[in-house]
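sequence first, predicted model second:
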Amino acid sequence: MAEAMRLQRALARAGIASRRKAEELIAAGRVTVNGAVATLGQVVDPAGDKILVDGRRVGAPPATVWLLLNKPAGVVTTASDPAGRKTVFELVADQPGLTYVGRLDYLTEGALLMTTDGAAAHALTHPSRGVERTYVATVRGDAVSAARAAMRGVELEDGVAYPISATANPVPGRRHYEFEIVLAEGKHHEVRRLCAALGLEVERLVRTKFGPVRLGALPSGASRPLNKRESDLISSLVKQPPHGRHGTRQRGNQ
């Protein structure tokens, strides 16, 4: 049996409608599975079950797409921007159902995963998964002391941030540091707020790793499919049950 999934997801993956619209189609009795009127939440095998919408056969969904994009600064992580700024979707080939995994803000660069598996994208970014993200910020200020202070926890407006690790290395020939920090929470603008709270001025911010996927030497603005090892590791992460703040240092573990 091929991958089983809820009917609304199968319809969305096949490009019939968004998941919410698919739920409306099912609730309206316009979808049948193997000759019977479908029910919301019904689990189907898209490759084996005969799924019809308004009497028209729905084909099996295409294989799941996973991409790594090296997002440049000055690009918006959204499907469309009212201000007309370039979006990350303009940098990759058009794929039905493609979404991003973990937003990067307008000025932040680096590793952005994109996939046609919306459920996996949600799972990977949920705080209960504790998927680690590694960032390198080029900063001004006393980054060595800041790295030590970061490991004791940093008070932010929405709670204390506890990095998994924080290190500082001088940039040769410049009065800057590369401040590398690993987080597992994904709070809004967390790295920039954390650096500001530590007295660091961020000149450039790059996400170099998301979960098991490293940015490597991928050029800015370019994308590539995940290799089999990366796909397998991502799949394993998605299949793991939520387990609280795994990987996040808690108060008292300092």
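Perfect, I can see it now.

pLDDT wise, what is the residue nearest in space to the middle of the chain at?
Centre of the chain computed as the mean C-alpha position; nearest residue by C-alpha atoms, centre = their mean is residue 101, 1.8 Å away. Looking at residue 101, its pLDDT stands at 95.

what is it paired to in the beta sheet?
Bridge pairing for residue 101 (DSSP bridges) gives the partners residue 113.

my guess is it meets residue 129, correct?
No. Taking contacts as C-beta atoms under 8 Å, residue 101 lies outside contact range of residue 129: 11.2 Å. C-beta: built from backbone N, CA, C; applies to glycine.

now name the helix or strand holding the closest residue in space to residue 77 that isn't next to it in sequence.
Of all residues not flanking residue 77 in the chain, residue 103 sits nearest, at 4.4 Å (C-beta to C-beta, 6 or more residues apart in numbering). According to DSSP states H and E, residue 103 maps onto no helix or strand at all.

give me the phi and psi for residue 103.
In terms of degrees, to the nearest 10, the main-chain angles of residue 103 are phi -60, psi 140.

from residue 38, how far off is it?
Distance of residue 103 to residue 38, computed by C-beta to C-beta, to the nearest Å: 33 Å.

more neighbours: these two, which one.
Using other C-beta atoms under 10 Å as the criterion, residue 103 and residue 38 rank with residue 38 on top: 23 against 15.

identify the residues contacting that one.
Listed by C-beta atoms under 8 Å, 6 or more residues apart in numbering, the contact set of residue 38 reads 7, 26, 31-32, 51.

which one among those residues gets closest to residue 177?
Of all those, residue 177 sits closest to residue 7, with 52.1 Å by C-beta to C-beta.

in the longest helix seen in the chain, what's buried?
Secondary structure assigned by DSSP state H gives helix 228-239 as the longest helix of the chain. Within helix 228-239, the residues scored as buried using 16 or more other C-beta atoms under 10 Å are 230, 234, 237-238.

where do the helices of the stretch 1-150 of the chain begin and end?
Assigned by DSSP state H, counting those that start in this stretch, the helices in the stretch 1-150 of the chain fall at 7-13, 19-27, 118-125, 143-150.

single out the most deeply packed of the ones you listed.
Greatest average neighbour count among the helices of the stretch 1-150 of the chain goes to helix 7-13 (a mean of 25), per mean count of other C-beta atoms under 10 Å.

just checking, what packs against that one?
Packing contacts for helix 7-13, counted by 3 or more C-beta pairs under 8 Å, 6 or more residues apart in numbering; DSSP states H and E, involve helix 19-27, strand 31-33, strand 43-44, strand 51-53, helix 118-125.
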